[in-house]
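Peer 1: Next one to model:
(one chain, ligands or ions: 1)
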Amino acid sequence: LVVIGNGVAGITAALRVRKKKRDWRITVVSGESDHFYSRPALMYIYMGHLRYQDTKPYEDPFWEANRIERLRGWVTSIDTRAKRLEIADRPPLPYDKLLIAVGSRYNKFGWPGQDLEGVQGLYGLQDLELLERNSVGLRQAVIVGGGLIGIELAEMLLSRNVAVVFLVREASFWDIALPGEESAMVNRTIVAHGIDLRLNTELREIVDDGRGRACAVVTSKGERIECQLVGLTAGVSPNHAVVKGSEIATGRGILVDESFRTNVPDVFAAGDCAEIVRSEGGPGRVEQLWYTAKMHGEVVGDVIAGDERSYDRGVWFNSAKFLDLEWQTYGQVPPDARRPPEQKHLWWEHPSGRQGLRVVLENGAVVGMNTIGIRQRHRVWEEWISKRRPIDYVLAHLRTAGFDPEFSRRYERDIVARFEEALR
Ligand SMILES: Cc1cc2nc3c(=O)[nH]c(=O)nc-3n(C[C@H](O)[C@H](O)[C@H](O)COP(=O)(O)OP(=O)(O)OC[C@H]3O[C@@H](n4cnc5c(N)ncnc54)[C@H](O)[C@@H]3O)c2cc1C
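Peer 2: The predicted model follows:
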């Protein structure tokens, strides 16, 4: 088995196969790093909270002990007929079975000046090294794109006392995913941290200082903003460059069925780079989260080892941190623009404007929840949502969902009272 990509999808799959196939030779090829590390922890390396070695989930000797061979290099092409990979500066590598788990790449939308020095995204270790170099003498940065990576980059730069201007195309931060109240809460938090948040504003152009380096941006409102760094964080796309020229089919990502099989025998794809097409048809699904990439890795590892399995992501969940605001979401919580008429939303917000809880109902049963500033227990909400518990049940048992009982006890009575009033 050869795996391209040592991220969470590729590594989870390799370990799964190793458990079931003691005698297989397993090789993981990656251009980015010698070892698997936690990508979501990148920001903490820059901020000095963690060292790179602290972000590795396994000690270095683990790989030899488990006979997972690691090969550092960039795969340049795949010959599916000869079953062979071409790798830059290395001899070709044959395979019997191949898993492509090459992740995402950050978007560039053809902005004038997007390839100037001082313009960059944040995806991997090489971007972090570049950011270190770009941070020398940095006074003001412009970040383009209001999503999860944009806000992380803003927090990173603030930790080095860099002034940050944040250009967000939408009318409110990440309102393509967050309902209005949560989004407004994040807007306020961004501003409270001293970030210059410019909503309804797009990047038009990045200005060259005459020596090939960015010195300013021009926005869709015609403003010119001086800066020494432009952070491109307008989303990521499945990285399918490596399959170009091969017979492996792509759409938005590398097309796979629910067992992560591509159209070519013995070739699989999983994680951020895969686009899952269900057997009953419909639009393909791309999932670009750490959690889902890990779940993909578990399923595809079993399938490669010979089991019949298909992926069912179960109750949707995600979590993130917006500066000092923690957010969790479970089940179906659409943004305002996509709220179906049959849904009823119950929203509680603490007068401080720093804690909120939303419960989404359909026919009186809970189908989703969002919490911000309060931690809740994943397993409890997962069970309530999968069993479509009635709201009365949820309110009667809300205490059992509190992750930090001392803390949430302060809010529970208020939340229950607010929701009961809204339901009357
Ligand atoms: C800054 C940042 C913060 C994030 N924070 C969170 C978070 O808090 N929570 C969350 O759920 N998700 C988060 N994500 C998303 C999450 O990290 C990804 O969904 C996840 O890492 C995807 O795993 P993967 O195994 O599919 O791909 P990746 O982790 O991208 O691994 C793919 C690997 O393949 C390598 N590769 C690519 N092409 C080639 C090639 N041609 N040859 C050799 N190697 C190649 C890449 O360099 C990379 O090392 C974050 C992402 C970023 C960038």
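
Peer 1: Trp348 contacts Gly356, doesn't it?
Peer 2: Yes: using Cβ atoms under 8 Å, Trp348 is in contact with Gly356, at 6.6 Å. The C-beta positions use only the backbone N, C-alpha and C, and glycine is treated the same way.

Peer 1: For Asp272, give me phi and psi.
Peer 2: Backbone torsions for Asp272, taken as degrees, to the nearest 10, come to phi -60, psi -30.

Peer 1: can you pull the contacts of it?
Peer 2: Gly7, Ala9, Gly103, Ser104, Val236, Pro238, Asn239, Gly253, Val286, Glu287, Gln288, Ala293 (Cβ atoms under 8 Å, 6 or more residues apart in numbering).

Peer 1: How about the residue in the stretch 101-250 of the chain positioned nearest to the ligand, nearest residue that isn't a chain neighbour?
Peer 2: Proximity of the stretch 101-250 of the chain to the ligand (Cβ to the nearest ligand atom) peaks at Gly103, 2.0 Å away. In this structure, Gly103 finds its nearest non-sequential neighbour in Asp272, 4.6 Å apart by Cβ to Cβ, 6 or more residues apart in numbering.

Peer 1: could you pull out the strands for the stretch 101-250 of the chain?
Peer 2: 104-106, 119-120, 140-144, 163-167, 196-198, 203-208, 214-219, 224-226, 229-232, 236-238 (DSSP state E, counting those that start in this stretch).

Peer 1: Kindly export stretch 388-408 (C-alpha atoms) in PDB.
Peer 2: Only the C-alpha atoms of stretch 388-408 are listed here, as PDB (Å, rounded to 0.1, in the frame of the first residue of the first chain):
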ATOM      1  CA  ARG A 388     -34.900  13.300  17.900                       C
ATOM      2  CA  ARG A 389     -35.700  13.900  21.500                       C
ATOM      3  CA  PRO A 390     -38.700  16.200  22.200                       C
ATOM      4  CA  ILE A 391     -37.800  19.700  23.500                       C
ATOM      5  CA  ASP A 392     -39.500  18.900  26.900                       C
ATOM      6  CA  TYR A 393     -37.000  16.100  27.400                       C
ATOM      7  CA  VAL A 394     -34.000  18.200  26.400                       C
ATOM      8  CA  LEU A 395     -35.000  21.000  28.800                       C
ATOM      9  CA  ALA A 396     -35.600  18.500  31.600                       C
ATOM     10  CA  HIS A 397     -32.100  17.000  31.100                       C
ATOM     11  CA  LEU A 398     -30.200  20.100  30.100                       C
ATOM     12  CA  ARG A 399     -27.900  19.800  33.100                       C
ATOM     13  CA  THR A 400     -26.500  16.400  31.900                       C
ATOM     14  CA  ALA A 401     -25.200  18.100  28.700                       C
ATOM     15  CA  GLY A 402     -23.100  20.700  30.600                       C
ATOM     16  CA  PHE A 403     -19.400  20.000  30.100                       C
ATOM     17  CA  ASP A 404     -18.500  22.200  33.000                       C
ATOM     18  CA  PRO A 405     -21.400  21.800  35.500                       C
ATOM     19  CA  GLU A 406     -20.300  24.600  37.900                       C
ATOM     20  CA  PHE A 407     -20.100  27.000  35.100                       C
ATOM     21  CA  SER A 408     -23.200  26.100  33.100                       C
END
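
Peer 1: mean confidence score for it?
Peer 2: The pLDDT scores in stretch 388-408 average 90.

Peer 1: Give me every residue in the stretch 151-300 of the chain lying close to the ligand.
Peer 2: By Cβ under 6 Å from any ligand atom, the residues of the stretch 151-300 of the chain that approach the ligand are Glu152, Asn239, Val242, Gly271, Asp272, Gln288, Leu289, Trp290, Tyr291, Ala293.

Peer 1: which one of the residues you listed is nearest Arg84?
Peer 2: Val242 (13.4 Å; Cβ to Cβ).

Peer 1: returning to what we had before: distance to Gly368 added to the strands of the stretch 101-250 of the chain, as TSV?
Peer 2: Below are the strands of the stretch 101-250 of the chain laid out as TSV (distance: least, Cβ to Cβ, whole Å):
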stretch	distance to Gly368
strand 104-106	25
strand 119-120	36
strand 140-144	29
strand 163-167	28
strand 196-198	27
strand 203-208	33
strand 214-219	35
strand 224-226	38
strand 229-232	31
strand 236-238	24
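
Peer 1: quick one, what contacts the most centrally placed residue in the chain?
Peer 2: Nearest to the mean C-alpha position of the chain, by Cα atoms, centre = their mean, lies Leu289 at 3.8 Å. Taking Cβ under 8 Å, 6+ apart as the criterion, Leu289 is in contact with Asn318.
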